[in-house]
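Trainee: Predicted structure and sequence below. I'll ask about it afterward.
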Amino acid sequence: MQKLIIKGKKVLSGEIKISGSKNASLPILAASILTKKTTLKNIPEVNDIFTMINLLKSIGFKCNFKKKDKSITISTNKFHTQNNVAPYRLVKTMRAGVLVLGPMLNKFRKAKVSLPGGCAIGSRPVDLHLMALKKLGAKIKIKNGYIHAKSDDGLKGAKISFSKISVGATENAILAAFGAKGKTVLSNCAVEPEIKDLIRYLNKIGGKITTKDRKIFINGVKKVKSISYRVMQDRIELGTYVIAASLVGKKIAFKNVEPNLIKTELKVLRKMGVKIKVTKNKILIFGNKQLKKIYLKTAPYPGFPTDLQAQIMVLMTQANGVSKISENIFENRFMHVSELKRMGADITIKNNQAVIRGPTHLSGAEVMATDLRASVSLVLAALIADNRTIINRIYHLDRGYENLEKKLKFCKANIKRV
Ligand code: EPZ
């Protein structure tokens, strides 16, 4: 099994390029089921994307990934018969696999998709996905670990209100309503930039979708165009490296980025005392040795993202005073804490709140990655720690960070994969 070895305490400087968004690419790849042919650009080369590509292939699509320009062309393949099954072996490794449910119901009027099962960061049910599909007229049964869904006469537009804000359920509902007969109104939706990107893509292939606050209005369509689309940049990757730069950066530049995508995060970092310069499409981080404590809570967009909670916690270990962070999205997303404590962090957890006393001196240790964002928080901790840190189980990192070592090495970090 591969490991990362990082020698900390190096001051970083240079430029970090941001890849295409994993969490925007996944629903758009699922949406490509609706088309005859789609070319997507700026697709990150990470394992979750390859899992989704394998899922599309197993349904019968031809997928042609071009490394050179990070594009993928997905097309119906006349030599393969299509089927409507998303198997357990693929969905169990990546929950976003369940997003094929809405598009498959539209395309085949029938779908059999494995229930995703357990997850390291929380129970993560799919009840809201299923509620939305039922409201659109799908008949749904759970049998042998699979969701069996059908809509013999096609889906029909409906008014759907989500009891809780969910990114995936909003996406699945949009994907299903896209081809449903008539009008659908979704209320209390997630409005993450990745959802806006999905809507932009769907409107380009012929969709009629508009939004207002947390409402989404969809006029079902039948005709679908074949297009080429460039996926947005990864705001969580950007946020991760901006936090890394705040920890160990002398001067790190992020060019060709949309600073507005991480407006909330930049505000938090400024409050903590990080020196930041933002221009139209560039962010410069100068870091700061005198960081201030902060109280934070994770919340759906435009709130502070749960996907950056572990990373900002590392920064909090270097701030003067007692910082607090409440995790309001997932019930079990503090698994990085015990590993950070092994490196010397002073953190206590009570219910959904972590209390971080700083500044603390971190020292290198052998640690274990547990999920994507927890893993990257250990990389960040290793960058400021004394001596050598060995991070095990880095396959979690490879699910969502493209060329992590290369990007950090370019800024002079001492990091290698063995
Ligand atoms: C998306 O997951 C992201 N994944 C996650 O990114 C991210 O952490 C999460 O949104 C929150 O921002 C992708 O976009 C592929 P949710 P998703 O449905 O859609 C509960 C990463 O590290 N819920 O918004 O699965 C759920 O348990 C990842 O890149 C229900 O109760 O998240 C959670 O408490 C991990 N019933 C809350 O809603 C449902 O049917 C929000 O989850 C669905 C969700």
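Mentor: That came through fine. Numbers count the residues shown, from 1 in each chain.
Trainee: and Ser13, how many neighbours?
Mentor: Other residues near Ser13 come to 16 when the count uses other CB atoms under 10 Å. No exception for glycine: its C-beta is placed from N, CA and C like everyone else's.
Trainee: That one contacts Ala413, correct?
Mentor: No. The pair Ser13 and Ala413 fails to qualify as a contact (CB atoms under 8 Å) at a distance of 10.4 Å.
Trainee: tell me the domain boundaries of the protein?
Mentor: Structural domains assigned to the chain are 4-19+233-417, 22-230, following automatic domain parsing.
Trainee: Reformat those domains as CSV; add mean pLDDT and distance to the ligand.
Mentor: Output for those, formatted as CSV (pLDDT from 0 to 100; distance: least, CB to the nearest ligand atom, whole Å):
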stretch, mean pLDDT, distance to the ligand
domain 4-19+233-417, 96, 5
domain 22-230, 95, 3
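Trainee: which residue ranges form the helices in the stretch 51-200 of the chain?
Mentor: 88-91, 101-108, 127-135, 167-177, 193-204 (DSSP state H, counting those that start in this stretch).
Trainee: how about these in CSV, adding mean neighbour count?
Mentor: Shown next, in CSV, are these (neighbours: other CB atoms under 10 Å):
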stretch, mean neighbour count
helix 88-91, 18
helix 101-108, 25
helix 127-135, 20
helix 167-177, 27
helix 193-204, 20
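Trainee: got TSV for those, with distance to Asn219 too?
Mentor: Shown next, in TSV, are the helices of the stretch 51-200 of the chain (distance: least, CB to CB, whole Å):
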stretch	distance to Asn219
helix 88-91	30
helix 101-108	14
helix 127-135	17
helix 167-177	9
helix 193-204	11
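Trainee: Excluding chain neighbours, what is closest to Gln233?
Mentor: Ile18 (4.8 Å; CB to CB, 6 or more residues apart in numbering).
Trainee: show me the contacts for the nearest residue to Ala173 once chain neighbours are set aside.
Mentor: Closest residue in space to Ala173, ignoring its immediate chain neighbours: Ala132 at 3.8 Å, by CB to CB, 6+ apart. For Ala132, the contact set (CB atoms under 8 Å, 6 or more residues apart in numbering) comprises Ile160, Phe162, Ala169, Asn172, Ala173, Ala176, Leu186.
Trainee: Of all pairs in the residues you listed, which one spans the longest distance?
Mentor: Phe162 and Ala176 (13.6 Å; CB to CB).
Trainee: Correct me if wrong: Gln82 contacts Ser58.
Mentor: No. Using CB under 8 Å, Gln82 is not in contact with Ser58, being 10.1 Å away.
Trainee: how about the residue nearest to Gln233, secondary structure?
Mentor: coil (DSSP: H, G, I helix; E, B strand; the rest coil).
Trainee: again with Ile329
Mentor: coil.
Trainee: give me every residue that touches Ala169.
Mentor: Val126, Leu128, His129, Met131, Ala132, Phe162, Ala190.
Trainee: I misspoke; the intended subject was Arg95.
Mentor: Pro116, Cys119, Arg124, Gly168.
Trainee: 7 Å - rerun?
Mentor: Arg95 makes contact with Pro116, Cys119, Arg124, according to CB atoms under 7 Å, 6 or more residues apart in numbering.
Trainee: for Leu99, same thing?
Mentor: Leu26, Pro27, Ala30, Gly168, Glu171, Asn172, Leu175.
Trainee: Which residue, neighbours along the chain excluded, lies closest to it?
Mentor: Nearest residue to Leu99 in three dimensions, chain neighbours excluded: Ala30, at 4.1 Å (CB to CB, 6+ apart).
Trainee: Please apply the same query to Lys150.
Mentor: Lys150 sits nearest to Lys110 (CB to CB, 6+ apart), 4.7 Å away.
Trainee: Tell me how many other residues crowd the one you found.
Mentor: 17.
Trainee: Use 217 as the first number for this chain going forward.
Mentor: Taking 217 as the first residue, the last one we looked at is Lys326.
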